[in-house]
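Novice: generate coordinates for the sequence data below:
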Amino acid sequence: MALSRRCVPLFSSCGFYGEFLPMTFPRRTFVAAACLLGSGWALAQTAAAPGAQSASARPPVSAVPWAQIEAQARGQTVYFNAWGGSEATNAYIAWAAKAVKERHGVEVKHVKVTDTVEVVKRVQTELAAGRTQGGSVDLVWINGENFRDMKAAGHLYGPWAEQLPNWAGVDLAKPVRSDFSVPTEGFESPWGTAQLTFMADRRTTPTPPRSAQEWLAFAQAHPGRTSYPKPPDFHGTTFLKQLLSELTSNPTALQQPVAGATFGQVSAPLWAYLDKLHPALWRQGKAFPASAADMHRMLADAELRLSITFNPNEAANLIASRQLPATVYSFGFTKGTIGNVHFVAIPVNANARAGAQVLANFLLSPEAQVRKADIAVWGDGTVLDRARLPADAQARMAQTAPGALTEAVPTLPEPHASWMAALETEWLKRYGTR
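Specialist: Alright, predicted model coming up:
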């Protein structure tokens, strides 16, 4: 699971900045280009394919002009609840907060969370207590079952996302309107992309496993040197979904809500596989690393031979920060690995709705997306259409670094959000108390 350093803002209202403009433009050309960029992808909008506007039949929550939303946002404080387990991610959010403060007068407070379900429960508790306004959460980093649950309960403000000026640059070929098979309908704004990726050290593992069956054979050939994070850790659960996607004889069932009558049949190959895998794992599958970060440290110490991430560029980041040796590389399965889009959403009782939208719009800007994609900063994939970005931005997004995933790995769809909890519950029932 990007960026520029020195730039002079031309049109802060849309988040496009002068660093993307060639400095050799004649004055007339420069002014024309600046006006185009300031319009928030205006030209790109006119060339967009049919259906590029909201897919939802619902009208937006407000027809307030964007300039008025910006005016309302000025002076507000946005409490942005986002996972705080990565130094790179935290530093990026701090950079974005500073930029939004300077350009829009919006204060952003990063509320670091370990699990988004904590945020979901907090909003539920506030609403149950009658706190329908002035809530403690203004924007939340979210996807999957957490989005499904909040949307189904009516706990999200919206639709608003497709009304953002920078929505015009979003790549609609990516699953930005579907979150784990649940339609987003404008209730969350895309922020980045991610794909399940594995790491190994070239010194000990020059030839990595390229499928679930090869992973099993590798584990059995190297007892005690492989593992995966304990579910319900996100990476651990994603590993289960990856295995199931490959092992089940009925993959189409994974795109539908879990059905109690068929769950056992569809998931049976996964449990049979894990029963074979666990005896060969670290500590014989009787204990598991708490997180992917723990696995990275174990890989660095040669305690494990493989690690797992949801950011194809994370190994490069960890090598650059000397947390992993330079001999570590990234790889995927031959037939593909699970990938998805992560989003930001506004709770229905948010106190700073306007400020939250301004922050979300900035996070969608070319400047912010290019900075986020920079391996030296975060290395998170963009949700923008790269072909419509300025040439220098495209070049910067194409940069790579030692350790990053360089091979083409097909992206597999996430199972329906309901499968996550079902798999976690069954896994804990079978293996969690050992």
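
Novice: low-confidence ranges, the protein, go.
Specialist: Counting by pLDDT under 70, the chain contains low-confidence residues at 1-62, 433-434.

Novice: and the strands in it?
Specialist: Along the chain, the stretches classed as strands by DSSP state E are 9-11, 16-17, 77-83, 107-113, 139-142, 178-179, 182-183, 188-195, 197-201, 306-309, 328-331, 337-345, 411-412.

Novice: strand partners (parallel or antiparallel) of the fourth one?
Specialist: Sheet pairing of strand 107-113 (DSSP bridges) gives strand 77-83 (parallel).

Novice: residue 381 is nearest to which of the strands of the chain?
Specialist: Closest to residue 381 of the strands of the chain is strand 188-195 (CB to CB; 3.5 Å). All C-beta spots, glycine's among them, are computed from the backbone N, C-alpha and C.

Novice: with only the CA atoms kept, save that closest one in PDB.
Specialist: Extracted C-alpha coordinates of strand 188-195, given in PDB (Å, rounded to 0.1, in the frame of the first residue of the first chain):
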ATOM      1  CA  GLU A 188     -15.900   8.300  -0.800                       C
ATOM      2  CA  SER A 189     -13.100   9.900  -2.900                       C
ATOM      3  CA  PRO A 190     -10.300   7.700  -4.300                       C
ATOM      4  CA  TRP A 191      -6.800   8.400  -2.900                       C
ATOM      5  CA  GLY A 192      -4.500   5.700  -4.000                       C
ATOM      6  CA  THR A 193      -4.000   2.200  -5.400                       C
ATOM      7  CA  ALA A 194      -2.300  -0.800  -3.800                       C
ATOM      8  CA  GLN A 195      -1.500  -4.400  -4.800                       C
END
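
Novice: orientation of it relative to strand 77-83 in degrees?
Specialist: If you take axes from the mean of the first three to the mean of the last three CA atoms, to 10 degrees, strand 188-195 sits at 30 degrees to strand 77-83.

Novice: residues contacting strand 188-195, please?
Specialist: For strand 188-195, the surrounding residues in contact (CB atoms under 8 Å, 6 or more residues apart in numbering) are 1, 141-143, 147, 156, 158, 160-161, 164, 167, 170, 174, 176, 179, 310-312, 332, 337-345, 360-361, 363-364, 372, 380-383, 405, 409, 411.

Novice: give me the buried subset of the residues you listed.
Specialist: Buried subset of the contacts of strand 188-195 (neighbour count, 16 or more other CB atoms under 10 Å): 1, 141-143, 147, 156, 158, 160-161, 164, 167, 170, 174, 176, 179, 310-312, 332, 337-345, 360-361, 363-364, 372, 380-383, 405, 409, 411.

Novice: so who does residue 155 touch?
Specialist: 120, 123, 124, 127, 149, 347, 348.

Novice: from those residues, which would you call buried?
Specialist: Restricting the contacts of residue 155 to buried positions leaves 120, 123, 127, 149, 347, 348, with burial counted as 16+ other CB under 10 Å.

Novice: those in helices, which ones?
Specialist: Per DSSP state H, helices hold the following members of these: 120, 123, 127, 149.

Novice: out of those, which is nearest to residue 292?
Specialist: residue 120 (21.7 Å).

Novice: quick check, residue 281 in contact with residue 230.
Specialist: No. Counting by CB atoms under 8 Å, residue 281 does not reach residue 230; the two are 11.1 Å apart.

Novice: so what sits against both of these two?
Specialist: residue 288.

Novice: can you give me the neighbour number for the nearest residue to residue 186 once chain neighbours are set aside?
Specialist: Closest residue to residue 186 apart from its sequence neighbours, by CB to CB, 6 or more residues apart in numbering: residue 159 at 2.7 Å. Close neighbours of residue 159, defined as other CB atoms under 10 Å, add up to 20.

Novice: swap in residue 221?
Specialist: Taking other CB under 10 Å as the criterion, the count of residues near residue 221 is 11.

Novice: distance of it relative to residue 301?
Specialist: The spacing between residue 221 and residue 301, counted by CB to CB, to the nearest Å, is 20 Å.

Novice: same question for residue 124.
Specialist: From residue 124 to residue 301 the distance is 41 Å (CB to CB).

Novice: likewise for residue 264?
Specialist: Residue 264 is 39 Å from residue 301, by CB to CB.

Novice: residue 180 too?
Specialist: Applying CB to CB, the value for residue 180 to residue 301 is 34 Å.

Novice: which of the two has more neighbours?
Specialist: The neighbour count for residue 180 versus residue 301, taken as other CB under 10 Å, is higher for residue 180 (23 against 8).

Novice: ok, for that one, nearest residue in space, not its chain neighbours?
Specialist: residue 417 (3.9 Å).

Novice: surely that neighbour is in contact with residue 183?
Specialist: No. In this structure residue 417 lies outside contact range of residue 183 using CB under 8 Å: 11.4 Å.

Novice: for these two, indicate the residue with more neighbours.
Specialist: residue 417 (22 against 12).

Novice: ok, residue 298 touching residue 289?
Specialist: Yes. Assessed by CB under 8 Å, residue 298 is found in contact with residue 289 at 6.6 Å.

Novice: joint contacts of these two?
Specialist: Common neighbours of residue 298 and residue 289, using CB under 8 Å, 6+ apart, are 227, 282.

Novice: who has more neighbours, those two?
Specialist: Comparing residue 298 with residue 289 by other CB under 10 Å, the one with more neighbours is residue 289, at 24 against 18.

Novice: skip the chain neighbours and tell me the closest residue to the more buried one.
Specialist: Among residues not flanking residue 289 along the chain, residue 295 sits closest, at 4.9 Å (CB to CB, 6+ apart).

Novice: so what would you say the end-to-end distance of stretch 195-203 is?
Specialist: With CA to CA, to the nearest Å as the measure, stretch 195-203 spans 25 Å from end to end.

Novice: how far away from the center of its chain is it?
Specialist: Taking CA atoms, centre = their mean, to the nearest Å, one finds stretch 195-203 lying 19 Å from the centre of the chain it belongs to.
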